[in-house]
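Chemist: quick one, fold the following:
(2 chains)
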There are 2 protein chains.
Amino acid sequence: MTDMEQDSDPVTAALVIIGEEILSGRTTDANTTYIAAYLTRAGIALREIRVVPDLEAEIVAAVNTLRPRFSYVFTTGGIGPTHDDVTTDAIAKAFEVAVVVDPDAVAAMRTHYAEDELTPARLRMARIPQGAALIDNPISRAPGFMLENVIVMAGVPRIMQVMLDAVAPRLRTGRPMLTRSVRIDVAEGDVAPGLAALQASHPEVQIGSYPFFEQRRLGTFAVLRSVDPAKLEQALAGLWEVIHTEGFSAVAAEPD
Amino acid sequence: MTDMEQDSDPVTAALVIIGEEILSGRTTDANTTYIAAYLTRAGIALREIRVVPDLEAEIVAAVNTLRPRFSYVFTTGGIGPTHDDVTTDAIAKAFEVAVVVDPDAVAAMRTHYAEDELTPARLRMARIPQGAALIDNPISRAPGFMLENVIVMAGVPRIMQVMLDAVAPRLRTGRPMLTRSVRIDVAEGDVAPGLAALQASHPEVQIGSYPFFEQRRLGTFAVLRSVDPAKLEQALAGLWEVIHTEGFSAVAAEPD
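Modeler: A predicted model of the protein is given here:
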């Protein structure tokens, strides 16, 4: 734990991924890395992710545990037209509000679907918890929504991505987390003492160590993270000093 | 929620992924799908996944919330040699036991590391919560461990995988979840009423609907899951009847 979270008013988030298909191993989640990187760039610190099945009680429990703890809770999945799409009802239940057919959602869907395509199943996607603000979906028009600090998005990656773009301007953002990475061509165990000393002398920079194995050789990515550019550069200089003193082979790596 | 969980003594699991690098978007988690599919095949139902940062308090909270709720809790990450590897201490704290240098772990590591490589940093990997059973790591020898129903594994995928193989024979397993998938070449909204009726008439089979978009056309994978082969085949026959009645184009899909 670094001191950076005591910085002025950090903006934090949790992500709830709703989908039996992830838990069964059928589908590899394609949204987490995109959302994590998107929020990190925006200065919103993603602090926890949960994957839960398409069961109302599980969704309610996760959302109600997380929404008082973080600035925002994002959800993906479970807002489609089929019987296993239970997220909207779960969010309404979590907030103890009714679900209503939203006229703006219906109007948006009319621009995409012909009248005879607006079946009862599809109109399920216009059901929105009372009091929620719609999140536009320029691709297929069935909207996401935001209720207090909970942001409900589709699970289909390209639709989730346009919803994230649509809602982002409404969100409070903090100082963006800055990152510097260095690839060091020695095993983690060899760089460990130097990194531990560096972390001790730079408590406001978070220092991560990630081993890799390439062409039969072990190496380590050292990743420094801070919202403070000056402290980040000081820690980076300290890292290069460790590398030089120890005689390690190393190279600055692409920022992520 | 289907009735299948009231079947004789289901075996359940949660997975805790420990890693700031997932939350920041730097790294795409490579273990979830592997573990989910592995457990599903073994008849262990993965019911929840959490991703938490490398912070002792967060790990303790996740593990202590999950271990009374599920047959097993698996963790990945945070058992390496560097200062940001805090999982072992967190697990010991969760169980209120001491951490000890385990002689068997040291002996295993001696078979891999030369004496001068067994630095204090690397010997951190022989620190094990008191009372835990070691999980062998044939690749780099630093072991994982199992304490009561909590199974602690490395985050590096190829090492996690050999640890999972090593611990699997010690685990209680249930009836394996069986799956049948059918690819239907119509949009989810069109197949929704038929799937809802099918789910209502086959409550012991879990029916999932997953949209896809291919060559500019929408389609739907219907996925049926059950531990009961006869009920699964009955539901599958029902699905084909729906498809035939509606005149949909469809084909059996690869099992996942």
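Chemist: apart from its neighbours in sequence, what residue is nearest A:His202?
Modeler: Distances taken as CB to CB, 6 or more residues apart in numbering or on different chains place A:Ala235 nearest to A:His202, at 4.2 Å, with adjacent residues excluded. (Glycine included, C-beta is placed from N, CA and C.)
Chemist: what's the domain layout of chain A?
Modeler: Structurally, chain A divides into domains by automatic domain parsing as follows: A:3-170, A:178-253.
Chemist: returning to that earlier point: please identify the helix or strand for the residue nearest to A:His202.
Modeler: For A:Ala235, the element it lies in under DSSP states H and E is helix A:229-246.
Chemist: for that helix, name the packing helices and strands.
Modeler: Judged by 3 or more CB pairs under 8 Å, 6 or more residues apart in numbering or on different chains; DSSP states H and E, helix A:229-246 is in contact with strand A:178-184, helix A:188-201, strand A:217-226.
Chemist: ok, residues contacting the shortest one?
Modeler: Spelled out, it's strand A:178-184. A:191, A:219-229, A:232, A:235-236, A:239-240, A:243, A:248-256, B:24, B:26 (CB atoms under 8 Å, 6 or more residues apart in numbering or on different chains).
Chemist: hmm, try it at 7 Å
Modeler: The contact list for strand A:178-184 (CB atoms under 7 Å, 6 or more residues apart in numbering or on different chains) reads A:191, A:219-227, A:229, A:232, A:236, A:239, A:243, A:248, A:250-253, A:255-256.
Chemist: what is the helix or strand hosting A:Met163 packed up against?
Modeler: Counting by DSSP H and E, the element that carries A:Met163 is helix A:157-167. If contacts are counted by 3 or more CB pairs under 7 Å, 6 or more residues apart in numbering or on different chains; DSSP states H and E, helix A:157-167 sits against helix A:32-42, strand A:133-135, strand A:150-153.
Chemist: those: which one's closest to A:Thr173?
Modeler: When these are ranked by distance to A:Thr173, counting by CB to CB, first place goes to helix A:32-42 at 4.9 Å.
Chemist: tell me what that closest one is packed against?
Modeler: By 3+ CB pairs under 7 Å, 6+ apart, helix A:32-42 packs against strand A:11-18, strand A:44-52, helix A:157-167.
Chemist: what comes into contact with the last one?
Modeler: Outside of helix A:157-167, the residues within contact range by CB under 7 Å, 6+ apart are A:30-31, A:34-35, A:38, A:76, A:135-140, A:144, A:146, A:151, A:153-154.
Chemist: show me which residues of the stretch 101-250 of chain A sit near chain B.
Modeler: Residues of the stretch 101-250 of chain A lying close to chain B (CB under 7 Å from any CB of the partner chain) are A:119, A:121-122, A:156, A:177, A:188-189, A:192-193, A:195-196, A:199, A:207-211, A:223, A:225.
Chemist: Provide a ChimeraX selection command restricted to the buried entries of those.
Modeler: Those of those that count as buried under 16 or more other CB atoms under 10 Å in any protein chain shown are selected in ChimeraX with:
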select /A:121,122,156,177,188,189,192,193,195,196,199,207,208,209,210,211,223,225
